[in-house]
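K.L.:
How does the following fold in three dimensions:
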Amino acid sequence: MPPPSFAEVLPAGRFARVVLGFAALGLGALSSPGQTITLDNFNSGATTGAVVTSSSWSGQVTQNATSITVGGTATNVNGWSASRLALDASTATYLRLTVQLNSGNAANTVKTQFEDSSVNTAVFSVPTAALTTGVLTQVQIPVGTWGSGFDPASIASWSLGGGNIGSAALRMTFEHLELGSSLLALDGGTILTAGNQNYTTAQTLGGTTILNNTGSNGTAVTFGSTLNGAHGLTINTAGTVTFSRAVGNGTSLASLTVAGGASTVVDGGSIRTTGAQTYSGTVTLGDDTTFRSISGALTFLGAITGNNRALIINTTGAASSLVSASALSSFTKIGTGTLTLTGQSTYAGTTFINAGTLALGTNQALPAAGKLSLAGGTLALQGHAQTLGLLAITANSTINFSTGGTLVFANSSAEAWTGTLTITNYNTATNTFQFSTTSAGLTLAQLANIRFADYGNAPGQISALGIVTPSAIPEPSTYAALLAAAALALAAHRRRKNRSHSS
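P.N.:
All right, here's what the predicted structure looks like:
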């Protein structure tokens, strides 16, 4: 069964762009920017190329309705070609190929070679290791300046083949070959890029898209304008991915994954998805930035560098994580979800927890001198030790201790507290909650606004060393026993009262 046609892989209208007509082995000139030259559709009814006579491709090519399949012993790098052309590709900036790697291939590259009328050559290639067996992939390669001395306005011939000449077998299916002046639309499927890719205009995802980069001629993938579309986008490169404008502000992406260890630069202010976001490398902010996921996890596997910009993490779904952050003007956690800091951050700005939970995954995950402002969220120590600067309370908030958790603040008596601070999972024997090193670390009004949930919501009291404990000191188990005894006494009183009324 032949592989799917190019029209089946790409949405209708993809090739509604102007395509210049051609004779059997002669193509018209590319007369204006934005046009596309179709070199070969590999269609038996409109073929511009053919097997090179006496090459290893002879007898090894199967002609399908909209593709050719190369098998057998074909190894020649110039096994398919078109000659006697008068092709003007002076405005072309990209070579595009639709190809499938087939089982048994041993060629290390796929190569396309051009010759001008002066017989200068320009060769473009992609490694076959970047292709997936059995998956039809769109490949786009920047042609740049075509190489020294090459004249793209006078192309006389082109050829196509594999990399290794000799015993290395070529097993490929080719569906489309063209030259153009714009990048392929992100309409779904797998796109393999070779070289720097710069999407200068607004992009809308037309389907779930995987954008892979070989890094052979450059590694940067840049979105110079907005990016929208209710589909998933995976960018896989070892280089730098730049979002120069907002992502998902018009229509949230279904998901976004920057893989391959790529560093990410965000200059656009916000990245919004309905599902997960994953960043495999470092993230650098060039603007105040909000990362928002409605239902999926936000996962930052590398550090965030803020350049004195504000960072907002908005999660409402699955548990999220961040290694560390530095050089932030402020860091805000909003949304009902949980964000865990797995490394140690060093920024100087205030940390705001306005909603959800900010959890510590290591000792000293937050900057030691940084101010913490609780405005309705929860700080979860998860048993770790943390020293901070000032503590402000602007709405009812929670600090969640666990076994061994230690939390030390600077003297916060001058900070306004306009809400109740609830302390949970706290035990006087295993936890420390401290403000400076004197009894002046908090005011009496602030202590009255503290509620120790495990001690009957007792308010706080502060020692001469600044250590805050429940004003009623019994252990949680003892307090529970006292409550049980009180309940039994009340029940007994009611029984006596009922007997006296009945008599």
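K.L.:
Point out where the stretch 201-350 of the chain drops to low pLDDT.
P.N.:
215-218 (pLDDT under 70).
K.L.:
mind checking the longest strand of this protein?
P.N.:
strand 304-315 (DSSP state E).
K.L.:
Buried residues, that one. List them.
P.N.:
Across strand 304-315, burial judged by 16 or more other CB atoms under 10 Å covers 304-306, 309-315. Just so you know, the C-beta spots here come from the backbone N, C-alpha and C atoms, and that holds for glycine as well.
K.L.:
I'd like the next helix or strand past that strand.
P.N.:
strand 320-322 (DSSP states H and E).
K.L.:
got the contact list for that following strand?
P.N.:
293, 297-300, 304, 313, 337-342, 361 (CB atoms under 8 Å, 6 or more residues apart in numbering).
K.L.:
In JSON lines, list those residues along with distance to residue 229 and secondary structure.
P.N.:
Compiled in JSON lines, the contacts of strand 320-322 are given as follows (distance: CB to CB, whole Å; DSSP: H, G, I helix; E, B strand; the rest coil):
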{"residue": "293", "distance to residue 229": "16", "secondary structure": "strand"}
{"residue": "297", "distance to residue 229": "20", "secondary structure": "coil"}
{"residue": "298", "distance to residue 229": "19", "secondary structure": "strand"}
{"residue": "299", "distance to residue 229": "21", "secondary structure": "strand"}
{"residue": "300", "distance to residue 229": "23", "secondary structure": "strand"}
{"residue": "304", "distance to residue 229": "25", "secondary structure": "strand"}
{"residue": "313", "distance to residue 229": "23", "secondary structure": "strand"}
{"residue": "337", "distance to residue 229": "24", "secondary structure": "coil"}
{"residue": "338", "distance to residue 229": "28", "secondary structure": "strand"}
{"residue": "339", "distance to residue 229": "26", "secondary structure": "strand"}
{"residue": "340", "distance to residue 229": "30", "secondary structure": "strand"}
{"residue": "341", "distance to residue 229": "31", "secondary structure": "strand"}
{"residue": "342", "distance to residue 229": "31", "secondary structure": "coil"}
{"residue": "361", "distance to residue 229": "33", "secondary structure": "coil"}
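K.L.:
Highest neighbour count among these?
P.N.:
Within these, most neighbours by other CB atoms under 10 Å means residue 293, with 29 neighbours.
K.L.:
show me the contacts for it.
P.N.:
So residue 293 contacts 272-277, 314-317, 320, 337 (CB under 8 Å, 6+ apart).
K.L.:
among those residues, which ones are buried?
P.N.:
By 16+ other CB under 10 Å, those give 272-277, 314-315, 317, 320, 337 as buried.
K.L.:
Nearest to residue 196 among those?
P.N.:
residue 277 (23.5 Å; CB to CB).
K.L.:
what bridges to that closest one?
P.N.:
residue 256, residue 298 (DSSP bridges).
K.L.:
residue ranges with poor pLDDT in the stretch 1-150 of the chain?
P.N.:
Using pLDDT under 70, the stretch 1-150 of the chain drops low at 1-34, 46-47.
K.L.:
ok, 90 please
P.N.:
For the stretch 1-150 of the chain, applying pLDDT under 90 flags the ranges 1-36, 43-48, 54, 72-73, 75-78, 84, 86, 91, 144-148.
K.L.:
can you give me the helices for the chain?
P.N.:
6-9, 444-448, 476-502 (DSSP state H).
K.L.:
any idea of the mean pLDDT in the longest one?
P.N.:
Averaging pLDDT along helix 476-502 yields 55.
K.L.:
Check stretch 167-174 too.
P.N.:
pLDDT averaged over stretch 167-174 gives 90.
K.L.:
Pull out the buried positions in that stretch.
P.N.:
Applying 16+ other CB under 10 Å to stretch 167-174 flags 169-174 as buried.
K.L.:
Likewise for stretch 459-471?
P.N.:
Neighbour-count burial for stretch 459-471 [16+ other CB under 10 Å]: 459-462, 466-470.
K.L.:
swap in stretch 49-60?
P.N.:
49, 51-52, 55-57, 60.
K.L.:
Return the two entries of those that lie farthest from one another.
P.N.:
Pairwise over the buried residues of stretch 49-60, using CB to CB, the maximum falls at 49 and 56, 15.8 Å.
K.L.:
Which residue ranges make up the domains of this protein?
P.N.:
By the assignment in automatic domain parsing, the chain contains the domains 6-180, 476-503.
K.L.:
what sits against residue 42?
P.N.:
Neighbours of residue 42 in contact, by CB under 8 Å, 6+ apart: 49, 63-64, 66-68, 174-177.
K.L.:
separation between it and residue 85?
P.N.:
17 Å (CB to CB, to the nearest Å).
K.L.:
do residue 237 as well
P.N.:
34 Å.
K.L.:
Which one's more surrounded, the two?
P.N.:
Neighbour count, other CB under 10 Å: between residue 237 and residue 85, residue 237 has more, with 25 against 21.
K.L.:
right, and that one touches residue 264 too?
P.N.:
No - Residue 237 is beyond contact range of residue 264, at 10.4 Å (criterion: CB atoms under 8 Å).
K.L.:
got any residues that touch both of these two?
P.N.:
With CB under 8 Å, 6+ apart, residue 237 and residue 264 have no common neighbours.
K.L.:
Residue 146 is in contact with residue 124, correct?
P.N.:
No - checked against CB under 8 Å, the pair residue 124 and residue 146 is beyond contact range at 9.4 Å.
K.L.:
and the contacts of strand 320-322 as TSV, adding distance to residue 96?
P.N.:
Listed next are the contacts of strand 320-322 as TSV, based on distance: CB to CB, whole Å:
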residue	distance to residue 96
293	33
297	35
298	34
299	33
300	34
304	35
313	38
337	41
338	44
339	41
340	43
341	44
342	41
361	45
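K.L.:
By neighbours, which of the contacts of residue 42 wins?
P.N.:
Busiest of those [other CB under 10 Å] is residue 175, holding 28 neighbours.
K.L.:
how close does the residue most central in space within the chain get to residue 161?
P.N.:
Note on the chain: the residue nearest the mean C-alpha position is residue 257, at 3.3 Å, using CA atoms, centre = their mean. Residue 257 is 34 Å from residue 161, where distance means CB to CB.
K.L.:
repeat for residue 324
P.N.:
From residue 324 to residue 161 the distance is 48 Å (CB to CB).
K.L.:
More neighbours: which of these two?
P.N.:
residue 161 (27 against 19).
K.L.:
check contacts around the residue nearest to that one when sequence neighbours are not counted.
P.N.:
Closest residue in space to residue 161, ignoring its immediate chain neighbours: residue 77 at 4.0 Å, by CB to CB, 6 or more residues apart in numbering. Contact analysis of residue 77 by CB under 8 Å, 6+ apart lists 111, 113, 159, 161-163, 165.
K.L.:
ditto for residue 51
P.N.:
57-58, 61, 79-80.
K.L.:
For the stretch 351-500 of the chain, just list every one of the strands.
P.N.:
357-360, 372-375, 378-380, 385-387, 391-395, 397-400, 406-409, 421-424, 432-435, 450-452, 460-462, 468-470 (DSSP state E, counting those that start in this stretch).
K.L.:
And these: which comes nearest residue 183?
P.N.:
strand 357-360 (39.5 Å).
K.L.:
How many residues are close by residue 280?
P.N.:
20.
K.L.:
same thing with residue 79?
P.N.:
Residues near residue 79, counting by other CB under 10 Å: 22.
K.L.:
residues contacting it?
P.N.:
With CB under 8 Å, 6+ apart, residue 79 has these contacts: 51-52, 55-57, 61, 70, 159-162, 170.
K.L.:
please redo it, this time with the cut-off set to 10 Å
P.N.:
49, 51-52, 55-58, 60-61, 70, 159-162, 170 (CB atoms under 10 Å, 6 or more residues apart in numbering).
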